[in-house]
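> give the three-dimensional model of this entry:
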Amino acid sequence: MVLSLENQWVWDSWYAHDGARWHAWFLKADKSLGNPELRHFNVSQGHAVSDDLKNWHHLGTSLAPAPKPAWDDMVTWTGSVLRDEEGLWHLFYTGGRRSEQALYQRIGHATSHDLHNWTRIGDGLCLDMTGPNATFYEAEHQRGHWHDRAMRDPWVMRDPAGEGWLMYFTGRASGIAEGNAAGAIGLATSRDLMHWELQPPVFTGGYGQLEVPQVFTVNGRWYCLFCTAAEHWSEARIAETGMMPVTGNHYLIAEDPRGPWRIAPGFLDGANPCRRYAARILQTEEGLVIIGFDDNGRDAFVGQIRDPEPVHVDAAGYLQLGPHPDQGGA
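Predicted coordinates:
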């Protein structure tokens, strides 16, 4: 059965396994708002647990916007969770300020011992579009060019090249005339999870935004899953693929997590209206699965987490929906 709440819409989600069971965190908002488009600015983070990614027990709200005035007093959006060497859990999340109408996004940091009750580190803010490398990004809101100052959806992981940590996020590159060609996967680095330094983007182009990035490795190759909308395909991407743009989930490929990254051929998991958005790929005992929220477009928004479905890596190293042929899939 899907992860759904009777009185609230559920959308972007992220996951961790504590060694015994799965934990999901997700964005949620009250259906009493009437219009699901209002959910984005009336949001909190929910938490649920499961043994199989199908049967869920909802534990309630785990993080909400801070009391104002604060840098995250309007929204606490999508993030990621990981555990450090001492066993402390870390949440990195997107925040937005009411006085800016959440148009400027920044990244926050909180910790927990129980995966449900989170304590912000200081005021929570850990990364903003500042420092010398901010020039590589749209560091200010480009009104009339794009709808926000993008710096959201942090995905944090250990740096496989040595000590420290890597943070990927949804951003936009500066100085690009076509709005739909400026989407970027941003990067920041840290030695201790507490102090972060903004780096140049690891990828730019193809789409106006590459949302909810997730970086992982399979068989020595690196993948960066992301989601995007049909209206955000660049002219070059449409011409290159010869496809009608769709909304959903696709990915980048690289031989190293710092790149260079390239867009995989085609489009992994898309449709009009969108079937699944803001997906994650998880490694389970049965193999890789993809899980994301049931969208169905603005006019018929669903707002629940779909059951996981199998995904595999083919002989050429590309992701494919469905079980691996060796498991009886087509």
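> tell me where the stretch 101-250 of the chain has strands.
For the stretch 101-250 of the chain, applying DSSP state E, counting those that start in this stretch gives strands covering 105-112, 119-127, 152-158, 165-172, 183-190, 197-204, 211-218, 221-228, 247-254.
> closest to Glu140 out of the ones you listed?
strand 165-172 (10.9 Å; CB to CB). From N, CA and C alone the C-beta is placed, and that goes for glycine too.
> next, the angle strand 105-112 makes with the closest one.
150 degrees (axes from the mean of the first three to the mean of the last three CA atoms, to 10 degrees).
> quick one on the thing from earlier: in a markdown table: the strands of the stretch 101-250 of the chain, plus mean pLDDT and mean neighbour count.
Shown next, in a markdown table, are the strands of the stretch 101-250 of the chain (pLDDT from 0 to 100; neighbours: other CB atoms under 10 Å):
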| stretch | mean pLDDT | mean neighbour count |
| --- | --- | --- |
| strand 105-112 | 98 | 22 |
| strand 119-127 | 98 | 17 |
| strand 152-158 | 98 | 23 |
| strand 165-172 | 98 | 25 |
| strand 183-190 | 98 | 23 |
| strand 197-204 | 98 | 20 |
| strand 211-218 | 98 | 20 |
| strand 221-228 | 98 | 24 |
| strand 247-254 | 98 | 22 |
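> can I get these in CSV including distance to Tyr93?
Output for the strands of the stretch 101-250 of the chain, formatted as CSV (distance: least, CB to CB, whole Å):
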stretch, distance to Tyr93
strand 105-112, 5
strand 119-127, 8
strand 152-158, 7
strand 165-172, 11
strand 183-190, 14
strand 197-204, 17
strand 211-218, 12
strand 221-228, 17
strand 247-254, 21
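> contacting residues for Asn117?
Taking CB atoms under 8 Å, 6 or more residues apart in numbering as the criterion, Asn117 is in contact with Ser62.
> for it, give me phi and psi.
Dihedral pair for Asn117: phi -100, psi 110, per degrees, to the nearest 10.
> state the distance from it to Trp89.
For Asn117, the distance to Trp89 equals 10 Å [CB to CB, to the nearest Å].
> from memory Pro67 sits against Arg120, does it?
No - counting by CB atoms under 8 Å, Pro67 does not reach Arg120; the two are 11.5 Å apart.
> out of the strands of the stretch 101-250 of the chain, nearest to Glu235?
With CB to CB, the closest approach to Glu235 among these belongs to strand 183-190: 13.2 Å.
> show me where the chain has helices.
235-241 (DSSP state H).
> center of it - which residue?
Geometric centre of the chain, nearest residue: Val212, 2.0 Å, by CA atoms, centre = their mean.
> nearest to Gly287, out of the strands of the stretch 101-250 of the chain?
Relative to Gly287, the nearest member of the strands of the stretch 101-250 of the chain by CB to CB is strand 211-218, separated by 10.4 Å.
> output the closest one in CSV with nothing but the alpha carbons.
What follows is strand 211-218 as a C-alpha-only set of coordinates in CSV (Å, rounded to 0.1, in the frame of the first residue of the first chain):
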residue,chain,number,x,y,z
GLU,A,211,15.6,19.0,-8.9
VAL,A,212,16.1,16.6,-6.0
PRO,A,213,19.5,15.2,-7.1
GLN,A,214,20.7,11.9,-5.6
VAL,A,215,24.2,10.7,-6.3
PHE,A,216,25.1,7.0,-6.0
THR,A,217,27.3,4.4,-7.5
VAL,A,218,26.6,1.0,-9.0
